[in-house]
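Q: pasting the sequence and the predicted model now:
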Amino acid sequence: MASPQAPLRLATTPGWLADLAGAWIFYSVLPLPPWPRPRFERIARFAPWIGALLGAIEALAWRLGQGHLPLLAQVALVLALAIWLSGGLHLDGAMDTADGLAAGDRCLEAMRDSRVGASGVQALVLLLLLRAAALVTLAAAAPWALVWASVWGRIAPLVAMGAFPYLRDNPGQGGSAGFHRRHWAGFGQELLPALLLLGLLGPWSAVAGLPWQGWLGLVPAVLVPWGLGRRLGGHSGDTYGACVEWTGSWTLLLIALALAVPGS
């Protein structure tokens with residue numbers, strides 16, 4: 001029996017589990033139980049796992065709507081659900097990044113501006129149109145494609161973090177997402193959870209009828225963060241969000257195009 005003076009405590013939370021809990025809170029609006037206690041250090045390595053969960057919820061919503069809703073209504077509801085599940089975090093970054101790219105030398109200033117410009121609105125419309133077109137084309141294959149897109153979308157920022165400096169590390173420009181780069185432990189350690197996830201997702205997806213198409217997301221997961229990083233000279237929290245949204249959208253579209261080819 002515990003001594004009255006000894007406080008009742010839960011077991012110490014392992015560091016990886018605390019970071020996973022932090023990723024759960026940071027990357028989604030889903031509630032977290034009282035334990036484990038979250039920590040916000042190396043949470044980016046678990047973003048693909050959170051993405052897999054969110055993608056699975058979107059896939060379930062798609063399945064529930066099949067045969068009961070018109071296809072376009074089904075697409076609209078799943079897109080709205082995806083935005084809600086992430087709290088619009090990454091979509092906001094994609095819009096800010098578009099405004100920054102259009103501002104030239106005033107890039108960082110434009111991205112910090114809370115107001116959305118014309119380029120940001122255009123980016124939002126393009127992203128939603130790409131996803132809607134892909135989902136309409138995918139139809140019955142959409143559930144697994146949604147999971148793949150959500151996972152690859154969250155692998156892309158890991159490429160950005162490891163390959164490029166953080167844009168706001170200068171004095172007076174401390175971005176709130178700079179902790180991702182400060183706690184970066186190298187590609188080997190940061191990509192390990194994602195690689196384990198891909199090792200599980202690949203065989204399951206093959207059984208569902210997507211033996212290789214889901215791996216097409218590797219292309220935008222590398223090219224999107226690389227292209228943005230080369231263009232801007234680095235990345236910020238906003239561009240991490242842009243990497244998520246553009247990679248996810250292009251992954252859906254590439255899978256849809258691959259499945260549309262006769263004999264694929």
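A: The structure has been received and is ready for your questions.

Q: neighbouring contacts of the helix or strand where L54 lies?
A: If you go by DSSP states H and E, L54 is part of helix 47-65. Helix 47-65 is contacted from outside by 20, 23-24, 27-28, 30, 73-74, 77-78, 81-82, 85-86, 142-144, 146-151, 153-155, 157-158, 193-194, 197, 201, using CB atoms under 8 Å, 6 or more residues apart in numbering. Glycine gets a C-beta too; all of them are placed from N, C-alpha and C.

Q: with stretch 217-232 instead?
A: 97, 100-101, 107, 148-149, 151-153, 155-157, 159-160, 163-164, 167, 235, 239, 242-243, 246-247, 250-251, 254-255.

Q: of these, just the buried ones, ChimeraX syntax please.
A: Remark: buried members of the contacts of stretch 217-232, expressed as a ChimeraX selection using 16 or more other CB atoms under 10 Å:
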select :97,100,101,107,148,149,151,152,153,155,156,157,159,160,164,167,235,239,242,243,246,247,250,251,254,255
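
Q: among the contacts of stretch 217-232, which lie within helices?
A: Among these, the members found in helices (DSSP state H) are 97, 100-101, 107, 148-149, 151-153, 155-157, 159-160, 163, 239, 242-243, 246-247, 250-251, 254-255.

Q: count residues in the vicinity of L30, would you?
A: 13 (other CB atoms under 10 Å).

Q: burial count for the residue nearest to it when sequence neighbours are not counted?
A: Nearest residue to L30, sequence neighbours excluded (CB to CB, 6 or more residues apart in numbering): W24, at 6.5 Å. W24 sits with 20 neighbouring residues when counted by other CB under 10 Å.

Q: ditto for the one 10 residues further on
A: Other residues within reach of P34, judged by other CB under 10 Å, total 6.

Q: what bits of the protein have low per-residue confidence?
A: For the chain, the stretches flagged by pLDDT under 70 are 1-11, 168-177, 263-264.

Q: pretty sure G248 contacts W148?
A: No - the criterion here is CB atoms under 8 Å, and G248 misses it with W148 at 9.1 Å.

Q: got the CA coordinates for the helix or strand harbouring P225 in CSV?
A: Element membership for P225, per DSSP H and E: helix 218-232. Extracted in CSV, the C-alpha atoms of helix 218-232 (Å, rounded to 0.1, in the frame of the first residue of the first chain):
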residue,chain,number,x,y,z
LEU,A,218,6.9,9.8,-53.1
VAL,A,219,7.4,12.1,-56.1
PRO,A,220,5.5,15.2,-54.8
ALA,A,221,6.7,14.4,-51.2
VAL,A,222,10.3,15.2,-52.5
LEU,A,223,9.7,17.6,-55.3
VAL,A,224,7.3,20.0,-53.5
PRO,A,225,9.5,20.7,-50.4
TRP,A,226,12.6,20.8,-52.6
GLY,A,227,11.1,23.2,-55.1
LEU,A,228,9.8,25.6,-52.4
GLY,A,229,13.1,25.4,-50.5
ARG,A,230,15.1,26.2,-53.5
ARG,A,231,12.8,29.1,-54.5
LEU,A,232,12.7,30.7,-51.0
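
Q: mind listing what the closest residue to Q122 other than its chain neighbours touches?
A: Nearest non-adjacent residue to Q122, counting by CB to CB, 6+ apart: A98, 6.7 Å away. Residues in contact with A98 (CB under 8 Å, 6+ apart) are 117, 119-120, 122-123, 242.

Q: thank you kindly, that will do.
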